[in-house]
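> When you get a sec, could you give me coordinates for this:
(chains A and B)
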Amino acid sequence: MILSQQHQMMQKLYRQFAETEFTDELLDRLEETEEFDWDIHNKMAKYGFMGVKIPVKYGGQGADSLAYALMIEEFARVSPVLSIYANTSNSLGAGPLLYCGTEEQKQKYVTPVAKGEKILVFALTEPEAGSDAGGTLTTAVQDGDYYVLNGRKTFISGAPFADYAVIYAKTDPTQRGSRGISMFIVDMKLPGVTCGKPEKKMGIVGYPTSDIIMEDVRVHKSELLGPLHKGFSTAMKTLDGGRLGMAAQAVGMAQGCLDESVKYAKERKQFGQPIAKFQAISFMLADMATEIEAARQLVYSTAVRMDAGDPETNKLCAMSKLYAAEMCNRVAYKAVQIHGGYGYIKDYKVERFYRDARIASIYEGTSQVQQMVISGNLLR
Amino acid sequence: MKFIVCVKQVPDTSGVVAVKADGTMDRSRMATITNPDDLNAVEAALALKDQNPEAKVIVVSMGPAPAEGMLRELLAMGCDEAVLVSGREFGGSDTFATSQIIAAAIAHIGLDEDDIIFCGRQAIDGDTAQVGPQIAEKLDLPQVTYAIDLKLEGDKLIVRRQLEDGYMTIETSLPCLVTCIKELNVPRYMTVKGILESFSKPYQVFDYNELKDEPLIELDTIGLKGSPTNVYKSFSPPLKGAGVILDGSPAESVEKLFAALTEKHII
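Modelled structure (predicted):
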């Protein structure tokens, strides 16, 4: 796909920003401390990256899904974890609010999130309910003007430092499966809300993830998001954009792996010549580049088709996520292979990319869930 | 109040350097960037606009049509308007002719009592540092070069200059021209919203016909014909060999150095 002049400028901006600001020192610090870095968050917020896809009316930049995908890709090319910093607000954070929030809710929550002043996270997964949302055990029981929430959400990216969370809770226990679930905007400072200890993760280190525990949390009825009992089906409609973003992240990570591999293959000498001269290595590079480009084109075209209201969007986003995530893992494997023993050492960038890549086929719907979505669309 | 910033699109010296048979640069084969010092000039103007929101920042560049891409980027950083001075008659201009044309373009935009013109110190392709000062001379304006800090106080501009052996602080009346060095600031990035807006901001091209009635524009003072500079020859300087680092104790190093110098008959 040929990018418009504006999208090319955006790509240049994202690349310049990532290459300049995502310094090795910062990336190492994230890895060592495992903590959220407010300085880079604030810098990204200053340039509006938190709200790239959010309308100008709500404090965002008013760009399209392709602009968002390009940003996640370019950021992930240098740092997969920092691409997540700018992701949530644009996808699963503000997504459900923009999709079905009231005007008042949008003004109150989306605007500060778009500006990076507040952090909003998405809390669907539970210990017993991951891919199968039907197992949701968190409950919300109406009590006058309030709903009383009880339950536990798990693996919630950004929970330890979030201001708000979109929480999914069962409001009608008589309905089975994913029915009878509603969405609530929960202020993380409300009495009864606590976070678990941040998880020790394999990758995406520096963006803390934890449980959210709710014990008799009283949420005002004005914080009910979207129609009562129909939260899950509403949520499903907002997941497409998130999947597209994660597909873009996978493309960026894979490109980062390829960049490092090309550089290394030209430098590293064995048997008296650079290893890039060996077909065993150069063909691996060729395969990596080809797969990356195929995934990239799928992601870009899906972004454009999604914004154009293509009825196949749900399937296309799942395809993008499935293909890009699996591709990214194949590419990361080859990148480490090309680096040999050095690829197994933390001083080399591909070691981190390899660990980061592993999440691509897991979060925001595993590859198998994407296959379910794709086949579900085919076999309707 | 207007802040007019003069910018130049230059070859990206970190990429391929291509030279034509006649010794001039083959710009079509080289990647381009906005001249780094000019970005500091843009940032200086934008920072001053942040404090004086009523001011308008206008970027002016002389160059071929593709320079539009650079100007759109500067609009995306927050500049309000862009002017590209472009025409066959202007081609081949040296610094004398260029400053003549840009001064005419600025006069054509119109200079008010409280306006400031910003330039980068020098361009990385020619490294002359002449165009800024010459524009000031041709417009008969006060000029302050090598600005490392600046402050607008009422109708005066206070500029701190960085010189080789120290600093100098100058107060000047407006309108004036300031040339900026890279230590002055860190240029901001574009924003996505700025990129989207950059294509709907005022963008004008001044060609020869547009400027020909300006007093500074005479056919024998612009373009290749009006340029007193002629390129006699251009060549790549021979590469210096890699240096040698002598290690060991100072006494050993001196001995090695002495041996090396003797060997080359230097001593």
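> neighbours of residue 249, just the number please.
Defaulting to chain A. Residue A:249 has 32 neighbouring residues, counting by other CB atoms under 10 Å in any protein chain shown. For every residue, glycine as well, the C-beta is placed using N, CA and C.
> You answered for a different chain; I wanted chain B.
8.
> do the same with the one 4 residues further on
If you count neighbours by other CB under 10 Å, residue B:253 ends up with 13.
> Setting the sequence-adjacent residues aside, check what's closest to it.
Distances taken as CB to CB, 6 or more residues apart in numbering or on different chains place residue B:246 nearest to residue B:253, at 4.3 Å, with adjacent residues excluded.
> check contacts around that neighbour.
For residue B:246, the contacting residues are B:252-253, B:256-257, by CB atoms under 8 Å, 6 or more residues apart in numbering or on different chains.
> Which ones among the residues you listed lie within strands?
Among those, no member falls in strands (criterion: DSSP state E).
> Now do residue B:226: how many residues are near it, please.
For residue B:226, the neighbour count with other CB under 10 Å is 21.
> Sorry, slip of the keys, the one I care about is residue A:215.
The number of residues near residue A:215, taken as other CB under 10 Å, comes to 13.
> Provide the secondary structure category for it.
Using DSSP: H, G, I helix; E, B strand; the rest coil, the three-state assignment for residue A:215 comes out as strand.
> Would you check that it makes contact with residue A:148?
No. With contact defined as CB atoms under 8 Å, residue A:215 and residue A:148 do not form a contacting pair (9.8 Å).
> Once you drop chain neighbours, what's closest to residue B:172?
residue B:142 (4.7 Å).
> Could you do residue A:343 as well?
residue A:336 (3.7 Å).
> Get me the contact residues on the stretch 51-200 of chain B for chain A.
Within the stretch 51-200 of chain B, the positions near chain A by CB under 8 Å from any CB of the partner chain are B:69, B:72-73, B:76, B:189-193, B:195-196, B:198-199.
> would you turn those residues into a markdown table with distance to residue A:350 and secondary structure?
Below are those laid out as a markdown table (distance: CB to CB, whole Å; DSSP: H, G, I helix; E, B strand; the rest coil):
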| residue | distance to residue A:350 | secondary structure |
| --- | --- | --- |
| B:69 | 34 | helix |
| B:72 | 36 | helix |
| B:73 | 33 | helix |
| B:76 | 34 | helix |
| B:189 | 28 | coil |
| B:190 | 31 | coil |
| B:191 | 32 | coil |
| B:192 | 30 | helix |
| B:193 | 35 | helix |
| B:195 | 32 | helix |
| B:196 | 36 | helix |
| B:198 | 37 | helix |
| B:199 | 39 | coil |
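> May I ask which of these has the most neighbours?
residue B:192 (28 neighbours).
> Find the nearest non-adjacent residue to that one, please.
Distances taken as CB to CB, 6+ apart put residue A:61 closest to residue B:192, at 4.0 Å, once the chain neighbours are dropped.
> Burial check on residue 231, number of neighbours?
If you meant another chain, say so; for now it's chain A. Residue A:231: 31 surrounding residues under other CB under 10 Å.
> think we crossed wires, I meant chain B
By other CB under 10 Å, the residues close to residue B:231 number 12.
> Per-residue confidence, it, what does it come out as?
pLDDT, residue B:231: 78.
> Name the nearest residue to it, sequence neighbours excluded.
Per CB to CB, 6+ apart, closest to residue B:231 is residue B:23, 5.2 Å.
> Test my guess that that neighbour contacts residue B:236.
No. Assessed by CB under 8 Å, residue B:23 is found out of contact with residue B:236, at 10.9 Å.
> In terms of packing, which of those two has more residues around it?
Legend: neighbour count by other CB under 10 Å for residue B:23 and residue B:236, higher for residue B:23 (11 against 7).
> so what does the host helix or strand of the residue nearest to residue A:343 touch, helix or strand wise?
For residue A:336, the host element (DSSP states H and E) is helix A:313-339. Contact here means 3 or more CB pairs under 8 Å, 6 or more residues apart in numbering or on different chains; DSSP states H and E; on that basis helix A:313-339 packs against helix A:231-267, helix A:279-307, helix A:349-357, helix A:367-378.
> Now do whichever helix or strand comes after the longest one: everything it contacts.
Just to be clear, that refers to helix A:231-267. Counting by DSSP H and E, the element after helix A:231-267 in chain order, helix or strand, is strand A:269-270. For strand A:269-270, the surrounding residues in contact (CB under 8 Å, 6+ apart) are residue A:275.
> chain center to the very next helix or strand once past strand A:269-270: distance?
The helix or strand immediately downstream of strand A:269-270 is strand A:273-274, counting by DSSP H and E. Its chain's average C-alpha position is 39 Å from that of strand A:273-274, according to CA atoms, centre = their mean, to the nearest Å.
> Against which helices or strands is strand A:273-274 packed?
Counting by 3+ CB pairs under 8 Å, 6+ apart, strand A:273-274 packs on helix A:231-267.
> orientation of the helix it packs on relative to helix A:279-307 in degrees?
Using axes from the mean of the first three to the mean of the last three CA atoms, to 10 degrees, the direction of helix A:231-267 lies 150 degrees away from that of helix A:279-307.
> Give me every residue in chain A lying close to chain B.
Going by CB under 8 Å from any CB, the residues of chain A near chain B are A:5-6, A:9-10, A:12-13, A:16-17, A:47-49, A:52, A:56, A:61-63, A:67, A:71.
> the helices in chain B, which residues?
With DSSP state H as the criterion, chain B has helices at B:36-51, B:67-77, B:95-109, B:131-139, B:192-198, B:208-211, B:250-263.
> Out of those, flag the one nearest residue A:244.
Minimum separation from residue A:244 across the helices of chain B (CB to CB) falls at helix B:192-198, 17.0 Å.
> helices and strands around the closest one, which ones?
Partner elements for helix B:192-198 (3+ CB pairs under 8 Å, 6+ apart): helix A:5-21, helix B:67-77.
> tell me the centre residue of chain A?
residue A:246 (4.9 Å; CA atoms, centre = their mean).
> so that residue touches residue A:366, yeah?
No. Counting by CB under 8 Å, residue A:246 stays clear of residue A:366, with 11.3 Å between them.
> residues contacting residue 92?
Going with chain A. A:121-122, A:166, A:238-239, A:242, A:364.
> sorry, should have said chain B
Contacts of residue B:92 (CB under 8 Å, 6+ apart): B:223-224, B:227.
> can you rerun that using 10 Å?
When contacts are counted by CB atoms under 10 Å, 6 or more residues apart in numbering or on different chains, residue B:92 touches B:24, B:98, B:222-227, B:229, B:231.
> per-residue confidence for residue B:24?
Note for residue B:24: predicted pLDDT of 68.
> wait, I meant residue A:122
For residue A:122, the pLDDT comes out at 92.
> In space, what's closest to residue A:111 - neighbours in sequence excluded?
residue A:59 is the one closest to residue A:111 (CB to CB, 6+ apart), at 4.1 Å.
> In which helix or strand does the residue of chain A at minimum distance from chain B reside?
The nearest approach of chain A to chain B comes at residue A:61, 4.0 Å away (CB to the nearest CB). Following DSSP H and E, there is no helix or strand that holds residue A:61.
> Verify the stated contact: residue A:188 with residue A:194.
Yes. Judged on CB atoms under 10 Å, residue A:188 makes contact with residue A:194 at a distance of 9.2 Å.
> residue contacts, residue 65?
You didn't say which chain, so I picked chain A. Applying CB under 10 Å, 6+ apart, the residues contacting residue A:65 are A:52-53, A:90-91, A:240-241, A:244-245, A:248, A:299-300, A:302-308, A:313, A:317.
> Wait, chain B was what I had in mind.
By CB under 10 Å, 6+ apart, the contact set of residue B:65 is B:84, B:86, B:205.
> again, only this time at 8 Å
Residues in contact with residue B:65 (CB under 8 Å, 6+ apart) are B:84, B:86.
> now do the one 3 residues further on
The neighbourhood of residue B:68, defined by CB under 8 Å, 6+ apart, consists of B:84, B:203.
> Next, work out how far apart it and residue B:75 are.
The spacing between residue B:68 and residue B:75, counted by CB to CB, to the nearest Å, is 10 Å.
> what residues do these two have in common as contacts?
residue B:203.
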